[in-house]
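[1] quick one, what's the 3D model for this:
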Amino acid sequence: MNFRTQQAANRRKTIVLLIGMGVLVWLVALAALTYFGQSTTSIVPLAVGIALVSVWGSYYGSDKLVLTMTGAKLIQESDNPKLFGLIQEITIASGLPMPKVAIVIDSAPNAFATGRNQDHALIAFTTGILDVMDRDQLQGVIAHELAHVANRDTLVSAVAATTAGAIAILSDMLMRMMWFGGGRDRDRSGGNPLLLVFSLLILILAPIAAVLLKSAISRKRESLADATAVAFTRNPAGLRSALEVLERDSTVVHQKSNSIAHIWIESPLDAKAVSKMFSTHPPIAERIAVLKAMESLN
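    Take a look at the predicted model:
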């Protein structure tokens, strides 16, 4: 399929997954009301409120927060004119404003983008990726990172993280109520035992399902960024070649925290240690195969 088909497909799948997250919140709230009664009504907005404060505070300061967590340092055009020239080429092609640019002193080739919107975007590159990639490969990487900015992936990630966080907090509160006797005063004698068991299972399994959905959303946004990068450059071979370089390289960036693993172009987490269902990135071999298919259409 071509990049337009890929873009449309990944956008549709993201919407479906986000709707799934919303349905999961509704199921948890319904399970809470079924198991504990009306006494839990106030817990639902409380959990959502806690998640909103914790996630959206990070969202608005995402560029500064990620700079601190990765050790990236902002640079000016005079520090690397060639890099800035390549970025400017993609901003012209995409219609995006020029982002801030940063460098991470790390021999492992990798890159990331962050920022709450197009006017507060930041893209960063490790010294390793600047050393090993040629012009076309680096152009593909830049296009991929600017695609995340164009597609507002920081916003999408914040929405997914808020929903998953609310589900986790709500389920944790309700499980604590269960263990410490919450809702004992409620007369459950008339309740349907099967319905109560089903509600209990939802409360136990919902946080796991939320993490799976959040990971799936992240994978779709990576695939969307690959397709959007091709839309910017009209050159799938550049990004495909860049991903092949990353696939062959076995080094890993030093800053590989779970909380920021999703922002890198290649996940720094051990693919063998992380189940595909929980991975924030599609397997790099699959991404390469999709780009090769796009090349064959050119």
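
[2] contacts and neighbour counts: CA atoms only from here.
    Fine.

[3] tell me the helix or strand right after the lowest-mean-pLDDT helix or strand in the chain.
    Of all helical and strand segments in the chain, the minimum by mean pLDDT, DSSP states H and E falls on helix 43-60, at a mean of 77. With elements assigned by DSSP states H and E, the helix or strand that comes after helix 43-60 is helix 62-70.

[4] which intervals of this protein have sub-threshold pLDDT?
    1, 37-42, 180-192, 270-274, 298 (pLDDT under 70).

[5] got the buried residues for the least confident helix or strand of the chain?
    43-44, 47-48, 51-52, 55-56, 58-60 (16 or more other CA atoms under 10 Å).

[6] return the member of those residues nearest to residue 294.
    residue 59 (33.6 Å; CA to CA).

[7] so residue 281, which state does it fall into?
    Here residue 281 takes the coil state, with states given by DSSP: H, G, I helix; E, B strand; the rest coil.

[8] typo on my end, residue 250
    Criterion first, three-state DSSP; result for residue 250: coil.

[9] now the angle from the least confident helix or strand of the chain to helix 62-70?
    Orientation check (axes from the mean of the first three to the mean of the last three CA atoms, to 10 degrees): helix 43-60 against helix 62-70 gives 80 degrees.

[10] show residues contacting helix 43-60.
    Applying CA atoms under 8 Å, 6 or more residues apart in numbering, the contact partners of helix 43-60 are 29, 65, 115-116, 154-155, 158, 161-163, 165-167, 169-170, 173.

[11] swap the cut-off to 6 Å and go again
    Helix 43-60 is contacted from outside by 116, 162, 165-166, 169-170, using CA atoms under 6 Å, 6 or more residues apart in numbering.

[12] taking the residues you listed, tell me the two that lie furthest apart.
    Farthest pair in the contacts of helix 43-60, by CA to CA: 116 and 170, 26.4 Å.
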